[in-house]
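*Asks:* My questions concern the predicted model and sequence given below.
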Amino acid sequence: MLQFVLRRLVGMIPILFIITIISFLFVHLTPGDPIRIMYGAEIDQETYQTLREREGFNDPLPVQYGRYMVDMVVHGDFGQSYRTRADVSEEVMRRFGYTFVLTILSMFWAILIGVSVGIISATKRNSIWDRAGMVSTITALSIPEFWFGLMLMQIFAVQLGWFPTSGAASPLHILLPSITLGFGVAATIVRFTRSSVLEVMREDYVRTARAKGQKERVVIWSHVLRNALIPVVTMAGLQFGFLIGGAVVVEQVFAWPGLGSYLIDSILSRDYPVIQALILLFSLQFLLINLIVDISYGFLNPQIRYD
Amino acid sequence: MTNVLDIKDLEVSFKSDGKEVKVVNGISFSIKAGETLGVVGESGCGKSVTSLSIMRLIPSPPGRISGGQIYFNGENLLDKKEREMRKIRGNDISMIFQEPMTSLNPVFTIGKQINEVLLLHYKMTHAEARKKSIEMLKLVGIPRAEQIYDSHPYQLSGGMRQRVMIAIGLACEPQLLIADEPTTALDVTIQAQILDLMRGLKEKTNTAIMFITHDLGVVAEMCDRVVVMYSGEIVEQADVDTLFNDPKHPYTVGLLGSLPKVDEKIDRLYSISGQVPVPGSVEKGCRFAGRCDHVMPHCTQEDPPLFKMKDGHDARCWLYDPVHGRKEEAKDGQTTLGREGS
Amino acid sequence: MNTNEPKSYSPFREFLVKFLKQKMAVVALGVVVVILFVGIFGSFLAPYDPHRPVTSQYPEKGIDLDQLTNASVIVEGVMTDGSTIEGSEVTQLQAESENRRIASIRRSQRGINVNANTSGYTNATIESGDVSSSFQVVVEGESLLEGKEPVISRLIPSQPEGVLTPGDQFQLDVLAVLTDGEELTDQGDIHELALRLYETEEEEESSGFNAPASDAEAIEGLHFSSLNEEVATVSESGEVTVVGEGEGAIRIQTGPVSSVVQVQAGAAAEPVLAYLNVSESNVTLTDVYKHQPPSSIHFFGTDHQNRDIFSRVIHGTQDTLLIGFVSVAIGAFIGTALGLLAGFYGRWVDSLVTRMTDVLLAFPGILLAIAVIAFLGAGITNIILAVAVFTVPVFVRIVRGSTLALKEMTYVEASRSIGVRDPVIIMRHIFPGTLSVVLVYLTMRIGVAILIGAALSFLGLGGDITAPEWGSMLSAAKDNSSTVFHATFFPGLAIVLTVLSFNILGDGLRDALDPKLKE
């Protein structure tokens, strides 16, 4: 088990290495001169050259890459924002918590709603509930997150005044953004849970459980769900990555001070060190999530052994 | 001896494409205490549906029991509430299924799955259940029972899993065990072991067994009496010796003819031509008429009733009708149906 | 005519029959056709120019601006004897708006003129001597009409009949008409309402004092006062006692509204003005310069720059569909080609392509697209490219899968064995086999592409934020007012409708073409 985790972690290193190269080259291949972005377009040629020398842009690329890696790995230094001159790693750390809490809570909603509606749809197959569930999921999958967020904000924050509109000043602020972010994933989980439960309900061992005289409720909640939820967990784990993608949009809608809005602001102002750091961070996140999914899969399914 | 199970005119229908089709069409038979009844027929003849009806486990929708009675110890199971049925399932009547590979829940340990049925029907502590489960595992001939108790199904072979299924089936000492093709999915040596085990257990526990199979060899080995089913109907029933020595229905004759025999040298085994009709496709007349070598004009006109051959031996064939049968049979010059293919 | 000739098997006919069975999908197809039509002919269908404020377009459309911003209220004076006089005959008629920023009011020939300035609501009072009435003006637009409730428009007293003599006592009856037309007859109710409506003003006036000033107390609730104490006195509950001869009058007042009851003891006298009647006690106007709400001339209202949202949505269809179609077309083309090659040739081609695909698929589409935009810069072309990039791996995967299956088919092996060249085998025998899957995914991915495209332009990565593109419209609407519902609602609804239609259509195609694809 521990060996498996270690092996997977070691296996991540080459991928991360490639990603560092990509994110490093990002700055050097994209249009726009970092010096001009940092110090404005009006500086004269002499100053420009001095600054270029000072910031190390005249060194050969491998040297620059080496310095970038040493700074990052040894000192945990991701450079400074062109725009605010602030330390990128500090800013990222500060904002990471916001995005983390937002995605976790969204996932909580998504699983809560997704799994329960999925189970109801599957066990009451072809009933009015099932149909309503299916129609709502395909609709939910067609609604852009940002619009859904705006509508929630309009109705619950502006018109009814139940929730604050935007920002992150109180715990109540997270409610609308997390629901917005969670609902699309919830729809995916509903569909997936439903088909998974339906599939398991046709299995022979479910019939065995019934033949033992087991209550239908126990048959569903114990025999069926333990099996049906294995693929759901995997899928939900993978959806986590997509949740982070969605967070970029939702954070923008609700002015949530997480990494997503940081990324967009940085892209719009070509703040490359920030973009660089965020690409790296997001990639790392996906890799870790995949690892966690694989591990949790083993806990649920005794047939998987880590070798 | 009293009848443990008495089925009277059982009808089961399934709905497909908005149309209801009878897959079991008015069958009646009974099982005495301690008796082993073989139910034989090709796949799709309604054997498994009949067994699931006794457990009231027909998936509904699309299926439903549309008529008849199932008396278990004199009480009609079809009148029981779901709650009462749950007390009977696994306790008074238990069932072993065809697919040992998929009939055990992959995520629970073997022990947990045997305990489940014990804890449902007996007032037991977990420790007692564990003791009884290990006892059951030993009873069905599983070595290292304590170790297997904590194993997961995927760690066991097919034969072992079927032994576990039998252990689950017998754990609550049922009066009736329904074995739905318990050996079909196993290879021949394992098959023999499981049959030996079942026979041995039957002698020990005196449980009545309803043994569903399409394998006449297994029937000869296991059963006291045999019911032959064809397309949702019983076409012949008799005790096992009578059936093998003096089969009356052309279908039974055909089935027996398709068995290889040790004492005869033949090039090809006999096979019954054609296929089992799709349920609901035969509108009138005998369902076997289309495949029968002895078909008479009347066969396609009217569904034959069961004709009594002698006590405990019935056959559903117009050949034995005093009006339609004898006459035409006489023309043929035949008195008994020979075993085809010999 | 009914021929029993067996029809030759046609996969297309079978597909058609299966497809037509799915009513939802057929409806979705209809909607898609309409959307496509709108996308192509949008510029002819839009009633307004989507780039200019509507107010500048009113003259050419023949819409009179004044009709929308102006309303006239006819005033009528009701005398104590029940007769009426026209507004022009009412002496010293004065009109005033509580909040001139929202609506201004001035006298006109027959009554008064109301002119909308900006969105919101206000109360207006008209006054002539001792009598006054009020009405409400609502200017629809971006402001929330929070706290708006009907106020008392006028008080209609019943005049005592006949000649009164000193010592007479009678009870005043008064009917209050509210701005929403409701009538209150019970004095207690009127009093309660008046207390509630004009309470805040009291508090403001009395701020700093522990007890309300006695002056303020005087006009709290329903208040009666005698205008000539020598003729008649009145109690707090409206009990009038005639104390002397002459011309007397009682003034009934709630907040700014007041009426007069004539108390005439002794000789008859000229009737005086009892109260003022207005033709409309609730005037609704529109703020035409910004955020007009949906109406018969602007179905979806107007936006922060006063542009017709309906026209913009119609115009935006083209850009939105363009993003959806072009990006998916590019992605599907590259993806299908790579998938065919990877599936057909296997070995290193396959491992290279699959590895790339896996990496791309590991990232959520939107982040991938954002990364591409970060690289290429903002703009609609780059959005299309970005969406295409994350569409490629989806097609690679499915086409590779079915190519692998088709490669093993006997007819492919047969053509190989007779020496047909690889490109021919791929194009003739394998590609047509993948077509049904590709078609299903094309339809389903268009929905996703539109969603991501809209999200990107919502994030401001579409370059031109003023363009009539659904995502940018939402972005602009969000930035400009969080209180206007229609500006965000309709463009979003257009996205939902479009994506939903493509999704349902995709589902239907999938079920009809290949039920095995169903997850």
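*Replies:* Okay, I see it.
*Asks:* which element is the residue in the stretch 1-150 of chain A positioned nearest to chain B on?
*Replies:* Closest residue of the stretch 1-150 of chain A to chain B, C-beta to the nearest C-beta: residue A:126 (8.4 Å). C-beta: built from backbone N, CA, C; applies to glycine. For residue A:126, there is no host helix or strand (DSSP states H and E).
*Asks:* Which residue of the chain lies farthest from its centroid?
*Replies:* As the question left the chain open, I've gone with chain A. Here chain A reaches farthest from its C-alpha mean at residue A:46, the gap being 44.6 Å by C-alpha atoms, centre = their mean.
*Asks:* Wait, chain C was what I had in mind.
*Replies:* Distance from the centre of chain C peaks at residue C:418, with 67.1 Å (C-alpha atoms, centre = their mean).
*Asks:* Quick check: the gap between that one and residue C:340.
*Replies:* 21 Å (C-beta to C-beta, to the nearest Å).
*Asks:* for residue B:105, same thing?
*Replies:* Separation of residue B:105 from residue C:340 (C-beta to C-beta): 43 Å.
*Asks:* Who has more neighbours out of the two?
*Replies:* Neighbour totals were compared for residue B:105 and residue C:340, and residue B:105 leads with 24 against 21 (other C-beta atoms under 10 Å in any protein chain shown).
*Asks:* OK, contacts around that one?
*Replies:* Neighbouring residues of residue B:105 by C-beta atoms under 8 Å, 6 or more residues apart in numbering or on different chains: A:205, A:208-209, A:223, A:226-227, B:113, B:153.
*Asks:* Residue C:504 now?
*Replies:* By C-beta under 8 Å, 6+ apart, the contact set of residue C:504 is A:138, C:24-25, C:27-28.
*Asks:* Taking these, tell me the two that lie furthest apart.
*Replies:* The span of the contacts of residue C:504, defined through C-beta to C-beta, is set by A:138 and C:27 at 13.0 Å.
*Asks:* Show me which of these two is the more surrounded one.
*Replies:* Taking neighbours as other C-beta under 10 Å, residue A:138 and residue C:27 compare with residue A:138 leading, 18 against 14.
*Asks:* which residues sit in contact with the residue of the stretch 201-342 of chain B found nearest chain A?
*Replies:* Nearest to chain A in the stretch 201-342 of chain B, going by C-beta to the nearest C-beta, is residue B:210, at a distance of 13.3 Å. For residue B:210, the contacting residues are B:5, B:31, B:36-37, B:39, B:51, B:54, B:176-179, by C-beta under 8 Å, 6+ apart.
*Asks:* Restricted to strands, list the residues you listed.
*Replies:* Using DSSP state E, the subset of these located in strands is B:5, B:31, B:36-37, B:39, B:176-179.
*Asks:* mind putting the residues you listed in a markdown table, pLDDT and distance to residue C:64 included?
*Replies:* A markdown table is the format used below for the ones in strands among the contacts of residue B:210 (pLDDT from 0 to 100; distance: C-beta to C-beta, whole Å):
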| residue | pLDDT | distance to residue C:64 |
| --- | --- | --- |
| B:5 | 84 | 91 |
| B:31 | 87 | 94 |
| B:36 | 87 | 98 |
| B:37 | 88 | 95 |
| B:39 | 88 | 90 |
| B:176 | 87 | 91 |
| B:177 | 87 | 92 |
| B:178 | 88 | 87 |
| B:179 | 86 | 90 |
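*Asks:* could those residues be laid out in a markdown table, adding distance to residue B:218 and neighbour count?
*Replies:* Converted to a markdown table, these look like this (distance: C-beta to C-beta, whole Å; neighbours: other C-beta atoms under 10 Å in any protein chain shown):
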| residue | distance to residue B:218 | neighbour count |
| --- | --- | --- |
| B:5 | 20 | 23 |
| B:31 | 17 | 25 |
| B:36 | 11 | 23 |
| B:37 | 13 | 26 |
| B:39 | 11 | 31 |
| B:176 | 19 | 22 |
| B:177 | 15 | 24 |
| B:178 | 15 | 28 |
| B:179 | 10 | 28 |
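*Asks:* Can you dump the C-alpha atoms of stretch B:59-79 in CSV for me?
*Replies:* The C-alpha trace of stretch B:59-79 is given here as CSV (Å, rounded to 0.1, in the frame of the first residue of the first chain):
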residue,chain,number,x,y,z
PRO,B,59,-38.7,-9.1,-11.2
SER,B,60,-41.8,-7.0,-11.3
PRO,B,61,-42.2,-5.2,-13.6
PRO,B,62,-42.0,-6.7,-16.2
GLY,B,63,-43.0,-10.0,-14.7
ARG,B,64,-46.0,-11.0,-12.5
ILE,B,65,-47.6,-14.2,-11.3
SER,B,66,-50.9,-14.1,-13.1
GLY,B,67,-52.6,-17.1,-11.7
GLY,B,68,-52.6,-20.2,-9.6
GLN,B,69,-51.5,-21.0,-6.0
ILE,B,70,-48.2,-22.0,-4.4
TYR,B,71,-48.9,-23.9,-1.2
PHE,B,72,-45.9,-24.2,1.2
ASN,B,73,-46.8,-26.4,4.2
GLY,B,74,-50.4,-25.8,3.3
GLU,B,75,-50.2,-22.0,3.1
ASN,B,76,-50.5,-20.1,-0.1
LEU,B,77,-47.3,-18.1,-0.6
LEU,B,78,-49.1,-15.9,-3.1
ASP,B,79,-51.3,-14.6,-0.3
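*Asks:* how far out from the middle of the chain is the lengthiest helix in chain A?
*Replies:* In terms of residue count, the longest helix belonging to chain A (DSSP state H) is helix A:88-123. Mean C-alpha position of helix A:88-123 versus that of the full chain (C-alpha atoms, centre = their mean, to the nearest Å) differs by 8 Å.
*Asks:* Go through the next helix or strand after that helix and flag the buried ones.
*Replies:* Using DSSP H and E, the helix or strand that follows helix A:88-123 in sequence is helix A:128-140. Residues of helix A:128-140 classed as buried: A:130, A:133-134, A:137-138, A:140 (neighbour count, 16 or more other C-beta atoms under 10 Å in any protein chain shown).
*Asks:* so how far is stretch C:236-247 off the chain centroid?
*Replies:* In terms of C-alpha atoms, centre = their mean, the centre of stretch C:236-247 is set 55 Å apart from its chain centre.
*Asks:* contacting residues around that stretch?
*Replies:* Taking C-beta under 8 Å, 6+ apart as the rule, stretch C:236-247 contacts C:160, C:164-172, C:174, C:187, C:222, C:224, C:228-235, C:248, C:250, C:252, C:261-267, C:269.
*Asks:* and if you look at stretch C:73-86?
*Replies:* Contacts of stretch C:73-86 (C-beta under 8 Å, 6+ apart): C:87, C:89-90, C:93, C:110-114, C:126, C:128, C:135, C:156, C:159, C:260-262, C:271-280, C:283.
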